[in-house]
Structures are given as structure tokens and as C-alpha cells.
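Enquirer: Structure here, sequence nowhere to be found:
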Ligand code: GLU
């Protein structure tokens, strides 16, 4: 596969290689675990509102189905390609194993900028993509969810397209749905809530008081916004946030910023100060939360990071060379597969509720999310200490090790 040194796939493969070596697994384990099980590329024709038809590339990668049906989001982003989808599906596999969810890992996407779509265009695109991947998804096979560029509206259309073809309602085919269609309470904020729990625990480990801890967050979307709210509710101070157009600092509260963002669609809050995304990464804070896209913390940007803790809200925000620099600087990195696992954990709850047709209270969701995340967090902390490993290495060893063990126990057919 053609890849530059630090493409998301190269990063994911190098992390896997490290885990295989640290676990003392064999060359054949490496081959088994570094190969996606099923890769589907589809053409997605889109009829624009003006009648023109355009073609877009769509993907669905089922990286692993060893521990259960595959699971993972659908990303709409102009830069998504097959390699990146494979990388993200691989991360989902280790994430679900680390948190002990009964799933393999998957990811899907369409190479398109959703910002260019009208609501109706988005609906047609989503329905056609769903129809193209229909043969390989389903509540027992592969369960999509939101990711960058998609939300509960897309999940409603996916659920409807699948259900119309089945002839009856199948809410369990996707998670991250609106509540009225069988979504779960607490799913919208789940990834951010999990990031906040991971942040709180990391502060505890580092002996930094939670009250007043200074936090900078790159990204103000489905992860960043809810993480900002949750850490603020825990008593931390959100110093700066950013979106694709840059960052802002010196605002009174996350709520004030959000109210402005919702109405004005930008972060130019009167009285607050603008800063670049790069300046945000280099702020003198206790915690830096990259919650946007991959490749935020690289060889070029890592050196000037002043935070004591980095909590990865995004998938793959740190490149291996960036990671090495953070490590040398003594910065604690809470890796993506642990830090942002709150989303898929509550997706799991949603799927369970859909299967049982019995819905939980917000309190139950919150308690169970915290329990699963804390268990994984403590296992990572203990493993890192016992093996003298970084937290990323420890998290990967736990996730990869569980998938490898499941492979061995299932054996090879025929
Ligand atoms: N897209 C989210 C992630 O990367 C959630 C996936 C899911 O809920 O299945 O973890």
C-alpha cells in the first residue's frame, strides 16, 4: 500500500507492530492482526439539487469480527480514502477490545465535504451510501455510528433506508440515532463525557488539583464541545477552544461561547481574543485535548507543547514522531482508544437497549459509562506501571492482546 511515513495507516500499523513485539506475539499473529477482514469500496452517485449527478468514493472497512459484529463510525470528509478508513477501523478494533465491548472494529466514509451539501443532498447521499453497503451491515454484522461530518440525522436516514429494505423497523442497525428512533440518552455527549472522565483521572495520577486545572481544546464539535462542558462542570477552567477556522481564548464560559457559536456559526465572540490552532497547541495549560482530526501533534508541533497531560479526544491526533517528543518531555498521553472510547461505549448501550426494547434512564447510562471507562483506565494505568510502558503502549497491549487471544481460541476455519 502506498503511504507516506506518517500517514494514519502507517501510524496505526507502527503502533500495532509495537504491541505485537511487546506482547511477544509471532509473525503469523502480526499477519493476522495487520490485515483487515473485509474491505468494501463503493461509488456513491449524488444528484445535486440542480439536477447534476456527481460521483463520490465511499468505503466500509470491517477490520475485525473476531470478538463480535464489527462497529464504528461513518466519516464524511474530503480527504478520507481507503487507507485512512482501514487505519480508523483498526483503531476501533483495539478500542472495543480495550473496553471489553463484544465487538470487532469497523469504519466507513465518503470522500466529500458535507459543508457543500444541502439537507436534501445530504439525505440522498446518505441513503445511497447505505444502500451500497447494505449487504454487509446489520445489527448482527456491522453497526455504523456517527463520526466526523455525520450526526444523528444521518443515522436516522441510515436506519430508515435499512428498515425499508428489510420491511420492518431495525433500530439496532446503527447507533447514535435520535432518541425517538431508539437512540440512547447520553449518546450525544458520551465521547466528550468520557474525555472529561479520562482528563479528571489523568490529573489525579499526575497529582494536579482538578479544581481550576487549565484546559485547552482543539475542536469544538461533537467531541470538543461536550468535553469542554463536562470538564467545566468538574471545576476545570477551559482556557481556549478552536475549530477549523482557528481558536479563541478569554471567553467567560463554554456556554457563552456555544450560544454565540450556534447563532453565528463562528467563534468570534465579542470581547474574546483570537488565536491560531498552532498557538492553541502551545498554550501554557495543564491539559491539552486534541479533539479534531489526525496529525495535530507532529514532529513539527510537539516540541512546543507545554501541557503536562495530553488527552486524545480525536482518533490518531498524534503521529509517532510527535508521540516520541511528548514522551521525552515527560508529558502523559492518554491515548485515543482509551480517552475517546465513551462514544462507542454508549453506542454499545444503545445497541443493547434496541435489542431488548427496554430503555435506560440517563443516570443508568452515566453510571455504566463511568464504570466501563474507569475499569479500562485503571487497567491501562496498571499495565503501564507493571510493564514500564507508555499509556498508549499499555492500551494497545490490552486491546491487541484480547483480539489475539480470541483469534487463538476460535482457531482457523477450515
Ligand atoms: N466514531 C466514534 C469513534 O470513533 C464512535 C463509534 C461508534 O459509536 O461506533 O469511536
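Expert: Thanks, I have the structure now. Remember, it's a predicted structure, so these values are computed and weren't measured experimentally. Numbers count the residues shown, from 1 in each chain.
Enquirer: Please report how far residue 366 lies from the ligand.
Expert: Relative to the ligand, residue 366 is positioned 17 Å away (C-beta to the nearest ligand atom, to the nearest Å). (Glycine included, C-beta is placed from N, CA and C.)
Enquirer: so that residue, which of the three states?
Expert: helix (DSSP: H, G, I helix; E, B strand; the rest coil).
Enquirer: for residue 283, what are its contacts?
Expert: Listed by C-beta atoms under 8 Å, 6 or more residues apart in numbering, the contact set of residue 283 reads 216, 239-240, 249, 275, 306-307.
Enquirer: same thing but at 7 Å, please
Expert: 216, 239-240, 306 (C-beta atoms under 7 Å, 6 or more residues apart in numbering).
Enquirer: Checking it next. Helix, strand or coil?
Expert: Reduced to three states by three-state DSSP, residue 283 is coil.
Enquirer: And the pLDDT for it?
Expert: Reported pLDDT at residue 283 in the predicted model: 98.
Enquirer: ok so residue 50 is a strand residue?
Expert: No - applying three-state DSSP, one finds residue 50 to be coil, outside a strand.
Enquirer: count of neighbours near it?
Expert: 6 (other C-beta atoms under 10 Å).
Enquirer: where's it relative to the ligand, distance?
Expert: The separation that residue 50 has from the ligand, given C-beta to the nearest ligand atom, amounts to 32 Å.
Enquirer: Then residue 385?
Expert: 26 Å.
Enquirer: Give me the pLDDT value at that residue.
Expert: Value listed for residue 385 in the pLDDT field: 98.
Enquirer: in the host helix or strand of it, what's buried?
Expert: In this assignment (DSSP states H and E), residue 385 forms part of helix 362-387. Neighbour-count burial for helix 362-387, counted by 16 or more other C-beta atoms under 10 Å, picks out 365-366, 368-370, 372-373, 376-377, 379-381, 383-384.
Enquirer: By proximity to the ligand, which residue of this protein wins?
Expert: Closest residue of the chain to the ligand, C-beta to the nearest ligand atom: residue 73 (2.8 Å).
Enquirer: Pretty sure residue 182 sits against residue 354.
Expert: Yes - between residue 182 and residue 354 a contact is recorded at 4.9 Å, counting by C-beta atoms under 7 Å.
Enquirer: who in the stretch 151-300 of the chain is up against the ligand?
Expert: residue 175 (C-beta under 6 Å from any ligand atom).
Enquirer: can you do 5 Å?
Expert: Residues of the stretch 151-300 of the chain lying close to the ligand (C-beta under 5 Å from any ligand atom): none.
Enquirer: Would you map the strands across the stretch 151-300 of the chain?
Expert: Listed in chain order, the strands found in the stretch 151-300 of the chain under DSSP state E, counting those that start in this stretch are 214-218, 237-243, 246-249, 273-275, 287-290.
Enquirer: What mean pLDDT does stretch 13-28 get?
Expert: 97.
Enquirer: list the buried ones in it?
Expert: Within stretch 13-28, judged by 16+ other C-beta under 10 Å, the buried ones are 13, 15-16, 18-20, 22-23, 25.
Enquirer: With stretch 269-280 instead?
Expert: Under 16+ other C-beta under 10 Å, the buried positions of stretch 269-280 are 269, 272, 275, 277, 279-280.
Enquirer: Repeat that for stretch 255-272.
Expert: Buried residues in stretch 255-272 (16+ other C-beta under 10 Å): 257-258, 260-261, 267, 269, 272.
Enquirer: so what pLDDT did the residue sitting nearest the centre point of the chain get?
Expert: In the chain, the centroid-proximal residue (C-alpha atoms, centre = their mean) is residue 315; its distance is 4.9 Å. pLDDT for residue 315: 95.
Enquirer: Determine the three-state secondary structure at it.
Expert: Per three-state DSSP, residue 315 ends up coil.
Enquirer: ok so, going back, neighbour-wise, which of residue 182 and residue 354 wins?
Expert: Taking other C-beta under 10 Å, residue 182 and residue 354 do not tie; residue 354 has more neighbours (25 against 21).
Enquirer: Please name the nearest non-neighbouring residue to the more buried one.
Expert: Spatial nearest neighbour of residue 354, chain neighbours left out: residue 172 (3.9 Å); criterion: C-beta to C-beta, 6 or more residues apart in numbering.
Enquirer: what's the straight distance from one end of stretch 240-248 to the other?
Expert: End-to-end distance of stretch 240-248 (C-alpha to C-alpha, to the nearest Å): 6 Å.
Enquirer: Now do that stretch: distance to the chain's middle.
Expert: 19 Å (C-alpha atoms, centre = their mean, to the nearest Å).
Enquirer: any idea which of the strands of the stretch 151-300 of the chain is most buried?
Expert: Ranked by mean neighbour count, the strands of the stretch 151-300 of the chain are led by strand 287-290 with a mean of 30 (mean count of other C-beta atoms under 10 Å).
Enquirer: I figured residue 154 hits residue 126, correct?
Expert: Yes - using C-beta under 7 Å, residue 154 makes contact with residue 126 at a distance of 5.0 Å.
Enquirer: quick one on the thing from earlier: what's the farthest-apart pair in the contacts of residue 283?
Expert: 240 and 306 (12.4 Å; C-beta to C-beta).
Enquirer: Show me where the stretch 151-300 of the chain has its helices.
Expert: 152-166, 190-206, 224-233, 254-264, 277-281 (DSSP state H, counting those that start in this stretch).
Enquirer: CSV for the ones you listed, including distance to residue 105?
Expert: Formatted as CSV, the helices of the stretch 151-300 of the chain follow (distance: least, C-beta to C-beta, whole Å):
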stretch, distance to residue 105
helix 152-166, 18
helix 190-206, 16
helix 224-233, 23
helix 254-264, 32
helix 277-281, 28
